[in-house]
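In: Fold the stuff below for me.
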Amino acid sequence: MKLHDAHLRSLNEQFRAQQQTLGFSVRTFAETHGVFVGRKIFGLSFGPRVVVVDPSSSDPNVPGETVIRLPEDHFSICKPANRSSQIHKSLVGFLRALPTSTLDQQLPNNVVTPTASEISLTEENVGPAFPKPLPTEMALAEVGLRDDAAPLIVTTCLVTDEPRHLADEIDNWKNSIARNPLLPEATRKRLHKEDLTTIFSDATARTQLLGWLAVTSFSAYVYYGYRSEIAKGVPPDLKRLFIINPLVHRLSKKSELILAVHGDLEDLSPSVENACQAILDQYGRKVDSPTVKAIYSDRISRALKELAHLVATAVVRHLTTLGDHEEAILFEHIRTRIRFAENVLTGEKHTRDKNPLP
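Out: Predicted structure coming up:
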């Protein structure tokens, strides 16, 4: 167990080979704080702190997997302090999101499988294993739809079954910015009042917040299209492609019951009603219209919409600057939460594990 050990390198190569063969999901955490290896004399500590597993060793180099670096040391990352710790929440969310279609066949008879309410959203949990839909709330945000000069249009539907908890996390991010001693006081005061997209545009603030964003639990569904792909002639109904159809896609899922839709579109309420009517017309199934909440209605609406807009912005910046490392950093920290994406102009579809976004 030492740096560049041949046996450990062989184990890692075997692990990567098995992952590529079997295709199982991976989530990687890395410690960033050192552990004390000195001595204590009369209650005083003497000696260095050492990061046991350094950054190069903590990355298994699994394709498409981004290492989540946490403010933990070698002991706290292995044994979370409590259920509220970042690594515990991230790991539980990761396990709950794993596909469960063959789970019953693999488990012994005496093992009880999770109920629908205990399983977080995956892309298409619509089978008989989900007799009761999971109550959720959704935030809708778009970038580029109302800007004729924008080369790319992106709509994000952000779904969570813990809206209050997610809003609390986002508020904590902003409070941490206000207390960050590495930022000038004027910058702290300014960013504390800004939305998430503006905050993440500040390089120093983004560095502090990326680790927390990477372990925040939510599901994002992305609908995009390049204006250059719009066929000449009669222009398509962009509102239907980027607002109504995404609402139909999300509201029609039998695995979830969306109780509320948050957003700042002026015509969000009629758009939701139109989507419910389209579900009735297309599928012969009546869907109760969820409550529509504007972002100024309460702090939860504001927080969820800000996060949805941040995801949409990250996708826009990534897809319009492919190959740009700096622009890809933010996208890489939300990639695992993008369950589904579709180019609504070409029909090309992506999921998290198959044909993911570039």
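In: Every contact and neighbour count from this point should use C-alpha atoms.
Out: OK.
In: Can you list the neighbours in contact with the longest helix seen in the chain?
Out: Secondary structure of the chain per DSSP state H: the longest helix is helix 299-320. Helix 299-320 is contacted by residues 138-143, 151-158, 163-164, 166-167, 170-171, 195-197, 220, 222, 262-264, 293-296, 324, 327-328, 330-331, 334, 358 when judged by C-alpha atoms under 8 Å, 6 or more residues apart in numbering.
In: can you give me the mean pLDDT across it?
Out: Helix 299-320 shows a mean pLDDT of 95.
In: and the angle for the helix or strand following it with helix 299-320?
Out: Counting by DSSP states H and E, the next helix or strand C-terminal to helix 299-320 is helix 325-332. Note on geometry: by axes from the mean of the first three to the mean of the last three C-alpha atoms, to 10 degrees, helix 325-332 and helix 299-320 are set 140 degrees apart in direction.
In: Tell me the helices and strands packed up against helix 325-332.
Out: helix 299-320 (3 or more C-alpha pairs under 8 Å, 6 or more residues apart in numbering; DSSP states H and E).
In: buried stuff in the helix it packs on?
Out: Buried residues in helix 299-320, counted by 16 or more other C-alpha atoms under 10 Å: 300-319.
In: can you check stretch 24-39 too?
Out: 29-35.
In: How about stretch 59-79?
Out: Going by neighbour count (16+ other C-alpha under 10 Å), the buried part of stretch 59-79 is 59-60, 62, 65-70, 72-74, 76-77.
In: Could you pull up the mean pLDDT of it?
Out: The average pLDDT within stretch 59-79 is 79.
In: Stretch 31-49 now?
Out: 72.
In: and of the buried residues of stretch 59-79, the nearest to residue 342?
Out: The closest of these to residue 342 turns out to be residue 65 (C-alpha to C-alpha; 21.1 Å).
In: Contact partners for the closest one?
Out: Counting by C-alpha under 8 Å, 6+ apart, residue 65 has contacts 26-28.
In: my guess is residue 49 meets residue 73, correct?
Out: No - checked against C-alpha atoms under 8 Å, the pair residue 49 and residue 73 is beyond contact range at 9.8 Å.
In: anything in contact with each of the two?
Out: The contact sets of residue 49 and residue 73 overlap at 34-35 (C-alpha under 8 Å, 6+ apart).
In: Which among the contacts of helix 299-320 count as buried?
Out: Applying 16+ other C-alpha under 10 Å to the contacts of helix 299-320 flags 138-143, 152-158, 163, 166-167, 170, 195-197, 220, 222, 262-264, 293-295, 327-328, 330-331, 334 as buried.
In: among those residues, which are in strands?
Out: Members of the buried ones among the contacts of helix 299-320 lying in strands (criterion: DSSP state E): 138-143, 152-158, 220, 222, 262-263, 293-294.
In: As JSON lines, the buried residues of stretch 59-79 with distance to residue 348 would be great.
Out: Converted to JSON lines, the buried residues of stretch 59-79 look like this (distance: C-alpha to C-alpha, whole Å):
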{"residue": "59", "distance to residue 348": "31"}
{"residue": "60", "distance to residue 348": "30"}
{"residue": "62", "distance to residue 348": "25"}
{"residue": "65", "distance to residue 348": "23"}
{"residue": "66", "distance to residue 348": "24"}
{"residue": "67", "distance to residue 348": "28"}
{"residue": "68", "distance to residue 348": "29"}
{"residue": "69", "distance to residue 348": "33"}
{"residue": "70", "distance to residue 348": "35"}
{"residue": "72", "distance to residue 348": "40"}
{"residue": "73", "distance to residue 348": "43"}
{"residue": "74", "distance to residue 348": "43"}
{"residue": "76", "distance to residue 348": "42"}
{"residue": "77", "distance to residue 348": "39"}
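In: which pair in the residues you listed spans the largest distance?
Out: In these, two members sit farther apart than any others by C-alpha to C-alpha. They are 62 and 76, at 23.7 Å.
In: check contacts around residue 334.
Out: 213-214, 311.
In: Nearest to residue 18 among the residues you listed?
Out: Ranked by distance to residue 18 (C-alpha to C-alpha), the contacts of residue 334 are led by residue 214 at 25.1 Å.
In: The closest one: how many residues sit nearby?
Out: 22 (other C-alpha atoms under 10 Å).
In: tell me the phi and psi of the residue nearest to it when sequence neighbours are not counted?
Out: Using C-alpha to C-alpha, 6 or more residues apart in numbering and skipping residues adjacent in sequence, the residue nearest residue 214 is residue 333, 5.0 Å away. Reported as degrees, to the nearest 10, the phi and psi values for residue 333 are phi -80, psi -10.
In: My guess is residue 333 contacts residue 212. True?
Out: No - between residue 333 and residue 212 there is no contact under C-alpha under 8 Å: 9.4 Å.
In: Quick one: residues in contact with stretch 167-185.
Out: With C-alpha under 8 Å, 6+ apart as the criterion, stretch 167-185 contacts 188-189, 191-192, 204-205, 209, 212, 216, 299-300, 303-304.
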